[in-house]
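1. Below: sequence and its predicted model.
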Amino acid sequence: MSQEFAKYRQRGAYHWREASLHPIDGWPYTRSRIGWAARQCAGSRTVLEIGCGDGALLGRLARQGAVVTGVDSDETALALAREMFARAGLSGAFHPDLASVTHDQFDAVVLAEVIEHVNDPDSLLGEIAARLAPTGRLVLTTPIRLFEQPLDPHHVHEFWPAELEALLRRFFDDVRIIRMHPAWLVDLMCGGVGRVRPVAVLANLVRLATGLEVIDWFKSPVALFWTQAAVAVGARRARAR
């Protein structure tokens with residue numbers, strides 16, 4: 001992983017706030033991404049999330065009845081995840097590394113905004129492929145590479161969509177890549193003063209009133225999107241071991 005983040009010490013369990021329907025604190029980008037990942041995991045009895053952070057996505061899956069396991073190298077994030085699960089009356093197991101996870105057959109493994117921080121993605125994907133059940137799936141989101149150098153200094157490597165697909169196909173027989181979140185709309189939503197981001201607030205109010213997640217419905221006229229997401233199945237376990 002890249003250098004340790006201070007975000008959880010500074011902001012607490014912020015993913016839970018961003019995933020909420022709160023008009024000010026809700027963040028459509030996070031809510032949309034978590035919602036998409038949760039839908040891809042629908043029907044999965046056991047779910048492992050690597051880089052689970054404060055556990056907001058796993059909390060949603062636990063409410064849906066999944067048996068959830070989270071891994072994160074940030075001790076503050078794990079403490080927040082356990083605290084938020086306890087507050088919500090949810091059950092989940094949280095570990096500081098994959099070696100601590102004894103369960104080895106998961107119906108789904110989630111990498112949400114993680115692979116761009118990893119120094120050796122091949123080793124991680126090989127470990128994931130080996131831990132998936134025969135019919136299991138990898139659910140992944142990551143920023144789309146826009147420039148030669150990552151915009152975020154914490155990112156080790158960002159991927160062009162074709163590059164990400166080629167990487168995943170070394171470990172999975174079936175890979176589906178989609179593009180989400182028009183870059184122009186994300187940029188508009190980021191604008192504001194302090195906690196108040198007017199376009200994001202408007203999107204939150206639309207979501208509250210209609211159930212429509214605005215960021216999921218707009219397209220990009222120049223095909224420039226912020227996020228790429230992947231579902232990969234048919235893990236090549238023999239190659240992964």
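-> Arrived safely.
2. what sits against the most centrally placed residue in the chain?
-> Taking Cα atoms, centre = their mean, the centroid of the chain lies closest to Ala112, which sits 2.1 Å from it. Residues counted as contacts of Ala112 (Cβ atoms under 8 Å, 6 or more residues apart in numbering) are Arg33, Ile34, Ala37, Glu49, Gly51, Leu57, Val139, Leu140, Thr141. In this view, the C-beta of every residue, glycine as well, is placed from N, C-alpha and C.
3. Separate out the buried members of these.
-> Buried residues within the contacts of Ala112, defined by neighbour count using 16 or more other Cβ atoms under 10 Å: Arg33, Ile34, Ala37, Glu49, Gly51, Leu57, Val139, Leu140, Thr141.
4. would you list these in TSV and tack on secondary structure, pLDDT and distance to Arg17?
-> Formatted as TSV, the buried ones among the contacts of Ala112 follow (DSSP: H, G, I helix; E, B strand; the rest coil; pLDDT from 0 to 100; distance: Cβ to Cβ, whole Å):
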residue	secondary structure	pLDDT	distance to Arg17
Arg33	helix	96	14
Ile34	helix	97	12
Ala37	helix	97	18
Glu49	strand	98	19
Gly51	coil	96	19
Leu57	helix	98	14
Val139	strand	98	23
Leu140	strand	98	24
Thr141	strand	97	19
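5. now those residues in TSV, with distance to Pro161?
-> Formatted as TSV, those follow (distance: Cβ to Cβ, whole Å):
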residue	distance to Pro161
Arg33	16
Ile34	21
Ala37	18
Glu49	23
Gly51	21
Leu57	22
Val139	16
Leu140	12
Thr141	12
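6. how about Leu167, secondary structure?
-> State at Leu167, reduced to three classes by DSSP: H, G, I helix; E, B strand; the rest coil: helix.
7. burial count for it?
-> A count of nearby residues for Leu167, using other Cβ atoms under 10 Å, gives 18.
8. how about low-confidence regions in this protein?
-> Filtered on pLDDT under 70, the chain yields the residue ranges 1-5, 148, 150, 222, 237-241.
9. All the strands of it, residue numbers only.
-> 46-50, 67-71, 93-95, 106-112, 132-143, 172-182, 225-235 (DSSP state E).
10. for those strands, which one sits closest to Gly211?
-> In terms of Cβ to Cβ, the element of the strands of the chain nearest to Gly211 is strand 172-182, at 18.2 Å.
11. Next, the angle from the closest one to strand 132-143.
-> If you take axes from the mean of the first three to the mean of the last three Cα atoms, to 10 degrees, strand 172-182 sits at 30 degrees to strand 132-143.
12. what helices or strands is strand 172-182 leaning on?
-> The contact analysis (3 or more Cβ pairs under 8 Å, 6 or more residues apart in numbering; DSSP states H and E) places strand 172-182 against helix 28-40, helix 161-169, helix 214-217, strand 225-235.
13. As CSV, the ones you listed with distance to Phe147 would be great.
-> Shown next, in CSV, are the helices and strands packed on strand 172-182 (distance: least, Cβ to Cβ, whole Å):
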stretch, distance to Phe147
helix 28-40, 20
helix 161-169, 14
helix 214-217, 22
strand 225-235, 13
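14. so which of these gets nearest Glu75?
-> Judged by Cβ to Cβ, the one of the helices and strands packed on strand 172-182 that comes nearest to Glu75 is helix 28-40, at 22.1 Å.
15. Strand 172-182 and that closest one, what's the angle between them?
-> Angle of helix 28-40 versus strand 172-182, following the same axes, to 10 degrees, is 150 degrees.
16. Pull the residues that contact helix 28-40.
-> 15, 18-21, 56-57, 60-61, 64, 108, 110, 112-113, 137, 139, 141, 180-181, 186, 189, 200, 203-204, 207, 213-216, 226-227, 229, 231.
17. from the residues you listed, which would you call buried?
-> 15, 18-19, 56-57, 60-61, 108, 110, 112-113, 137, 139, 141, 180-181, 186, 189, 200, 203-204, 207, 213-215, 226-227, 229, 231.
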